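Undergrad: need coordinates for the below:
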Amino acid sequence: EVQLVESGGGLVQTGGSLRLSCATAGCTVEEYAIGWFRQAPGKEREGVSCIDSRQNSPYYADSVKGRFTISKDNARNTVYLQMNNLKPEDTAVYYCNVPVYGYNYWGQGTQVTVSS
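TA: The predicted structure follows:
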């Protein structure tokens, strides 16, 4: 069974940084595309960033380009999301996702709160 566990969220001031981690079990991050999504209160879940199995051309939503960086550590089977220059509009619960054989697996999420 695939399991994803996010961590690294917290409360930070505008302009601050956080690094989110997504530790995986039951799948090998080297073999799959992994995505980060977020959901703010009262809003739909949206895609933030995605990295494919070969770590080619990561995708970033326009709202985070130039501020967020996604990466994989194959040895640790973990995916990271480095978030810099955070803004209040980045406040949300952040989830990682991996599609395996057509089924989408999600973690429990980690809360990121950016104060103004």
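Undergrad: run through the strands of the chain in chain order.
TA: Ranges of strands in the chain, per DSSP state E, are 3-7, 10-13, 18-25, 34-39, 46-51, 59-60, 68-73, 78-83, 92-100, 103-106, 110-115.
Undergrad: how close does the residue nearest the centre of the chain get to V64?
TA: In the chain, the centroid-proximal residue (C-alpha atoms, centre = their mean) is W36; its distance is 3.1 Å. To V64, W36 is 9 Å away according to C-beta to C-beta, to the nearest Å. C-beta: built from backbone N, CA, C; applies to glycine.
Undergrad: what do the two both touch?
TA: Shared contacts of W36 and V64 (C-beta atoms under 8 Å, 6 or more residues apart in numbering): V48, S49.
Undergrad: tell me the pLDDT of N74.
TA: Note on N74: pLDDT of 89.
Undergrad: for Y32, that is, sorry about that
TA: Reading off the model, Y32 has pLDDT 88.
Undergrad: give the contact list for it.
TA: Y32 neighbours (C-beta under 8 Å, 6+ apart): S53, V98, P99, V100.
Undergrad: sorry, back to before: ok, the residue nearest to the centre of the chain touching L20?
TA: Yes - applying C-beta atoms under 8 Å as the test, W36 and L20 come out as touching, 7.1 Å apart.
Undergrad: what's the overlap in contacts for these two?
TA: Common neighbours of W36 and L20, using C-beta under 8 Å, 6+ apart, are L81, Y94, C96.
Undergrad: closest to N74 among the residues you listed?
TA: Nearest to N74 among those is C96, at 15.4 Å by C-beta to C-beta.
Undergrad: Q111 versus the closest one, what's the distance?
TA: When C96 is compared with Q111 (using C-beta to C-beta), they lie 14 Å apart.
Undergrad: tell me which of these two has more neighbours.
TA: Each of C96 and Q111 has its neighbours counted (other C-beta atoms under 10 Å); C96 has more, 30 against 12.
Undergrad: how many residues are close by the spatially closest residue to that one that is not a sequence neighbour?
TA: Using C-beta to C-beta, 6 or more residues apart in numbering and skipping the chain neighbours, the partner closest in space to C96 is C22 (3.5 Å). Look at C22: counted by other C-beta under 10 Å, it has 27 neighbours.
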